[in-house]
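Novice: A predicted structure for the sequence below; I have some questions about it.
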Amino acid sequence: MSDLSEAYRDYPVHLQHIIPLDFHTVDSVPESHEWPHSDCLKAVIDEISIPVIDLMDPSAEKLVGHASENWGIFQVTNHGVPLSMLMDVECEARRLFLLPIEEKLKVLRSPEGATGYGAARISPFFSKFMWHEGFTIIGSSSLDHAKELWPHEHKRFCDVIDEYQKKMKELAHKLLLLILKSLEISEEDITSCAASACESNGAGALQFNSYPCCPNPSRAIGLAPHTDSLLLTILNQTQDSSALQIFRDGVGWIPVDPVRDALVVNVGDLLHILSNGKFPSVYHRVIVSEKHRISVAYFYGPRTDSQVAPLSRIEVPIYRSLSVKEFISIKAKHLEKALSFIRI
Ligand SMILES: C=C1C[C@]23C[C@@]1(O)CC[C@H]2[C@@]12CCC[C@@](C)(C(=O)O1)[C@H]2[C@@H]3C(=O)O
Ligand SMILES: O=C(O)CCC(=O)C(=O)O
Ligand SMILES: [Fe+2]
């Protein structure tokens, strides 16, 4: 069992918060999924846009550092991931979500489990359900699940996933180095931190997200506001619909408009801790529409037994040192209050 799966094992989620609605069978939003208007469509500010950075730009390091510090999110172009690979993984995700619910339930995430089909992990923290279904892959977990779903033709799915995970890991490592270099810390700190995140059994996870067509988008929410837990998330949103939004203090919700061939990169809680809060993990949510939307997120992090603590030697640390596993357990219990629990 992968160590990331192990980290979640002690925090079981009730089946009621794992089994998604059979979205194809409903023609209105049931009360269980009906969010108050104000929670779904708080004014969205359209005229501000998050940075788009060309990774071939000679000033990419500076731009990535600046965006991580001021936004906690940015988009990258010229990232080296072939468009065909982005499309192939999205196509496999679509193939999976288009299966009938009885098929998808064959690979349902277990209450103590971390991989497979099901609602978002954050679901129990909210009184209403989300208009969302997900499929989580950790390490080679996709093999067993794919064999269940497609006993005679699972190879294509597994090959696409393996290749994609490898490529994402490479890109995430490169981005982490760029971000860390912009901090005033020693080469030694940079190398050891990047090395622990890069180890072969680091805590990476791939998440397929599906937001089915919604009959009343103004009353439902795709993913409720949250921050991602690991170091960095790389999001592939190949479709041309603006659904991801970030919250900016003093401004409000801002859409992350898809840019052709670009990938969205956002800072997670572990990088927030490592940078002593200089790179804030970004609070984000997903809205729904009448159109089915799919996204693929890769979560990049160090091994769960590694320690995470503010790296900067110049400032007084505002977070205590803890293992990734401990942080995951605090997040599993306290969600967005997790960072405040470890403040010194
Ligand atoms: C590594 C992980 C991050 C994640 C929990 C997970 O084990 C795999 C699913 C991830 C996800 C995707 C949707 C939003 C999110 C908050 C959730 O509920 O599951 C994230 C988790 C996270 O970043 O904490
Ligand atoms: O679907 C999206 O745009 C964002 C998904 C997300 O926030 C996540 O997987 O953590
Ligand atoms: Fe997220």
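Specialist: Arrived safely. Numbers count the residues shown, from 1 in each chain. Ligands and ions are numbered 1, 2, ... in the order given.
Novice: can you tell me how far G139 sits from L206?
Specialist: G139 is 10 Å from L206, where distance means C-beta to C-beta, to the nearest Å. Where C-beta positions appear, they are placed from N, C-alpha and C, glycine not excepted.
Novice: higher neighbour count, these two?
Specialist: Using other C-beta atoms under 10 Å, the more surrounded residue of G139 and L206 is L206, with 23 against 19.
Novice: Surely the more buried one and I137 touch.
Specialist: Yes: L206 lies in contact with I137 (C-beta atoms under 8 Å); the separation is 4.3 Å.
Novice: overlap in contacts of those two?
Specialist: Jointly contacting L206 and I137 under the rule C-beta atoms under 8 Å, 6 or more residues apart in numbering are I161, Q165.
Novice: so does the strand or helix carrying C158 get close to ligand 1?
Specialist: If you go by DSSP states H and E, C158 is part of helix 155-181. No: applying C-beta under 6 Å from any ligand atom, one finds helix 155-181 separated from ligand 1 by no less than 12.6 Å.
Novice: got the contact list for T304?
Specialist: D3, L4, E6, A7, A203, S323, V324, K325, I328.
Novice: which SS state does it fall under?
Specialist: coil (DSSP: H, G, I helix; E, B strand; the rest coil).
Novice: Which ones among the contacts of T304 map onto strands?
Specialist: Secondary structure defined by DSSP state E assigns S323 of those to strands.
Novice: Confidence-wise, which of the contacts of T304 comes last?
Specialist: Lowest pLDDT of these: A203, 76.
Novice: My read is that it contacts D305, right?
Specialist: No: A203 lies out of contact with D305 (C-beta under 8 Å); the separation is 9.6 Å.
Novice: Report the set of residues contacting both of these two.
Specialist: Common contacts of A203 and D305 (C-beta under 8 Å, 6+ apart): D3, V324.
Novice: between these two, who's got more neighbours?
Specialist: A203 (28 against 15).
Novice: Helices of the stretch 101-250 of the chain, start to end?
Specialist: Ranges of helices within the stretch 101-250 of the chain are 101-104, 141-149, 155-181, 187-198, based on DSSP state H, counting those that start in this stretch.
Novice: Just put those helices in CSV and tack on mean neighbour count.
Specialist: Shown next, in CSV, are those (neighbours: other C-beta atoms under 10 Å):
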stretch, mean neighbour count
helix 101-104, 15
helix 141-149, 19
helix 155-181, 19
helix 187-198, 16
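Novice: Switch the ones you listed over to JSON lines; also include mean pLDDT and distance to ligand 2.
Specialist: Formatted as JSON lines, these follow (pLDDT from 0 to 100; distance: least, C-beta to the nearest ligand atom, whole Å):
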{"stretch": "helix 101-104", "mean pLDDT": "97", "distance to ligand 2": "18"}
{"stretch": "helix 141-149", "mean pLDDT": "88", "distance to ligand 2": "16"}
{"stretch": "helix 155-181", "mean pLDDT": "94", "distance to ligand 2": "13"}
{"stretch": "helix 187-198", "mean pLDDT": "68", "distance to ligand 2": "18"}
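Novice: can I get the ones you listed in CSV with distance to V259?
Specialist: Below are the helices of the stretch 101-250 of the chain laid out as CSV (distance: least, C-beta to C-beta, whole Å):
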stretch, distance to V259
helix 101-104, 31
helix 141-149, 28
helix 155-181, 16
helix 187-198, 26
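Novice: Now E133. Nearest residue, chain neighbours left out?
Specialist: P20 (4.1 Å; C-beta to C-beta, 6 or more residues apart in numbering).
Novice: Name the surrounding residues that touch stretch 251-259.
Specialist: Counting by C-beta under 8 Å, 6+ apart, 42-46, 48-50, 52, 73, 75, 77, 237-248, 264, 284-285 sit against stretch 251-259.
Novice: Out of the residues you listed, name the ones that lie in strands.
Specialist: If you go by DSSP E, the contacts of stretch 251-259 have V52, I73, Q75, T77, L244, Q245, I246, F247, R248, V264, H284, R285 in strands.
Novice: for this protein, what helix or strand is lowest in average pLDDT?
Specialist: helix 187-198 (a mean of 68; mean pLDDT, DSSP states H and E).
Novice: so how far is L21 from the residue nearest to Y8 when sequence neighbours are not counted?
Specialist: Ranked by C-beta to C-beta, 6+ apart and with sequence neighbours excluded, the top spatial neighbour of Y8 is A114, at 4.4 Å. A114 sits 21 Å away from L21, taking C-beta to C-beta as the criterion.
Novice: More neighbours: the two, which one.
Specialist: A114 (24 against 19).
Novice: show me the contacts for that one.
Specialist: The contact partners of A114, taken as C-beta under 8 Å, 6+ apart, are L4, S5, A7, Y8, R9, T136, I138, A205.
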